[in-house]
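Peer 1: Sequence first, then the predicted structure:
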Amino acid sequence: MYNHLLLVWDKQEPSPFVLKGDANLAVNFDNEALKTEIIELLQELITIAGVTGFEDAVREKIIALLQSTGARFSTDFMGNLYVTVIGKNKDSSKLPRVMICVHMDEVGYLVSNIDNQGFVYLYPIGGIPEYLGPGEWVSLHTDSEIIQGSVGMYPPHLPVTGQKEIFVDVGAQNRDEVLQMGISVGTPVTFTHGFKQLNQNRVVGRCLDDRMGCAVLIALLRRLSANPIEAEVTGVFSSTEEHGMQPGSEHSSVHGSRGALVATMKLRPNFAMVVDSMVCSDIPGIAPHMRQIRLGQGVALRLVDDLAIMRPPIRAFLKKVARSAGITIQEGISRSYTDTSVIQLFDVPVATLGIPLRYAHAPAQIADIGDLVQTLLFMQTIVQNAGQYQLGSCNNTI
Ligand SMILES: [Zn+2]
């Protein structure tokens, strides 16, 4: 469990920063071994369903993947997972407490209705584009098994003039047959296909957003456990980040991140980092002058989105850390939001990193493993220097 410390911070924002080992912050990891580890982690994480609000199986898998580290685990009623690695200073109360937040949940559907013919209707949860679904294989996650289904598609031979419904055919001939399969209102539904490595660097997967954040955080926590640093680091694998984004909505006026809100309220860290996806604009149909984030060109600073703006001192800090460690970064502006939107509200300095991702929220998202390796190296150098992100005093009083 966590100490509920009341922190009294100097409200002055830091400048300039003095980084540890300023001249050479490069982290010496075996990048090839890291690539292999990350691909294996993605394989494990993406094959598990975790529709927003139903992340329990993902949480259990992450605990299993980190069990041998000796880290401290806890959870809460929101379903968040907290994994704390203590620092190397024996007097841990003097160490900066850093929170690194990645979300476990994925966009998907819930069963909303079952008709007398045995067709199953879907309610989209998270920002799934309305045109997605028809013709796809889907998995319906009942309490006891996974049922396969086809999202009904109106073939060109059958002209339809009225409203087109999104519905699933599980092979049942009536409602009772569906209920006997264990499917009911509220059953989570995901696209079926999970993960595949396309070539040396590129991978395709259903919920790379944000299982790739989970993968790099797991890899980082393993390394911090083996080689503690002068910070107490808590990895927060958050729930319900995706809940609330309305399909087709203009702006994220309604948003999720309830899990991260509860986590921040409990931890009250001195410094936070969010690692989520950042949409790539290097695809056909985007004018060259509108292309900001490119796949394979390194981790991005997510400067602005619908709900959060990165504070200039944080941006300067991150750029200095990246420069010192020889890490190439990109910078960009995005629609939507991340867990940063709620962490900022607790007056916590927060860095938002975006891992480049093509086709976010699609059944087949594409990422570059080199970007993930770079993200991990950047995260490591940031946490090593998070304690420097302050001026003046830090008084912890109970
Ligand atoms: Zn995300």
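Peer 2: The structure has been received and is ready for your questions. None of the values given here were measured: they were computed from a predicted structure.

Peer 1: Up against the ion, what does this structure have?
Peer 2: Within the chain, the residues that sit near the ion (CB under 5 Å from the ion) are 209-210, 276-277. All C-beta spots, glycine's among them, are computed from the backbone N, C-alpha and C.

Peer 1: mind listing what Leu208 touches?
Peer 2: 42, 46, 277, 357, 365-367 (CB atoms under 8 Å, 6 or more residues apart in numbering).

Peer 1: Please tell me how far Leu41 sits from the ion.
Peer 2: Separation of Leu41 from the ion (CB to the ion, to the nearest Å) stands at 17 Å.

Peer 1: For the host helix or strand of that residue, C-alpha coordinates in CSV please.
Peer 2: Using DSSP states H and E, Leu41 falls within helix 31-46. What follows is helix 31-46, C-alpha atoms only, in CSV (Å, rounded to 0.1, in the frame of the first residue of the first chain):
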residue,chain,number,x,y,z
ASN,A,31,19.1,-2.8,-28.4
GLU,A,32,18.7,-6.1,-30.2
ALA,A,33,17.9,-7.9,-27.0
LEU,A,34,15.5,-5.2,-26.2
LYS,A,35,13.8,-5.5,-29.5
THR,A,36,13.3,-9.2,-29.0
GLU,A,37,12.0,-8.6,-25.5
ILE,A,38,9.5,-5.9,-26.7
ILE,A,39,8.2,-8.1,-29.5
GLU,A,40,7.7,-11.0,-27.1
LEU,A,41,5.9,-8.7,-24.7
LEU,A,42,3.6,-7.3,-27.4
GLN,A,43,2.8,-10.8,-28.5
GLU,A,44,1.7,-11.7,-24.9
LEU,A,45,-0.1,-8.5,-24.2
ILE,A,46,-2.1,-8.0,-27.5
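
Peer 1: In three-state terms, how would Ala386 be classified?
Peer 2: For Ala386, the assignment made with DSSP: H, G, I helix; E, B strand; the rest coil gives helix.

Peer 1: quick one: the residue nearest to it when sequence neighbours are not counted from Gly259, how far?
Peer 2: Closest residue in space to Ala386, ignoring its immediate chain neighbours: Phe271 at 4.1 Å, by CB to CB, 6 or more residues apart in numbering. Between Phe271 and Gly259 the distance is 19 Å, computed by CB to CB, to the nearest Å.

Peer 1: Give me the more crowded residue out of the two.
Peer 2: Gly259 (29 against 25; other CB atoms under 10 Å).

Peer 1: how about that one, secondary structure?
Peer 2: helix.

Peer 1: Tell me which helix or strand the one residue in the stretch 251-398 of the chain that gets nearest to the ion sits in.
Peer 2: The stretch 251-398 of the chain approaches the ion most closely through Asp276 (4.3 Å), counting by CB to the ion. Using DSSP H and E, Asp276 maps to strand 271-279.

Peer 1: ok so, going back, who's the residue of the stretch 251-398 of the chain closest to the ion bridged to?
Peer 2: On the basis of DSSP bridges, Asp276 is bridged to Gly354.

Peer 1: was I right about it contacting Arg211?
Peer 2: No. Using CB atoms under 8 Å, Asp276 is not in contact with Arg211, being 11.1 Å away.

Peer 1: neighbour count winner among these two?
Peer 2: Neighbours of Asp276 and Arg211, each counted by other CB under 10 Å, are more numerous for Arg211; the result is 31 against 27.

Peer 1: so how far is Glu37 from that one?
Peer 2: From Arg211 over to Glu37 the distance is 14 Å, taken as CB to CB.

Peer 1: With Gly285 instead?
Peer 2: Gly285 is 35 Å from Glu37, by CB to CB.

Peer 1: Check Val85 too.
Peer 2: For Val85 relative to Glu37 (CB to CB), the value is 17 Å.

Peer 1: related to what we said a few turns ago, contact partners for the residue of the stretch 251-398 of the chain closest to the ion?
Peer 2: 102-103, 209-210, 213, 241, 302, 338-339, 352-355.

Peer 1: That concludes my questions; thank you for your assistance.
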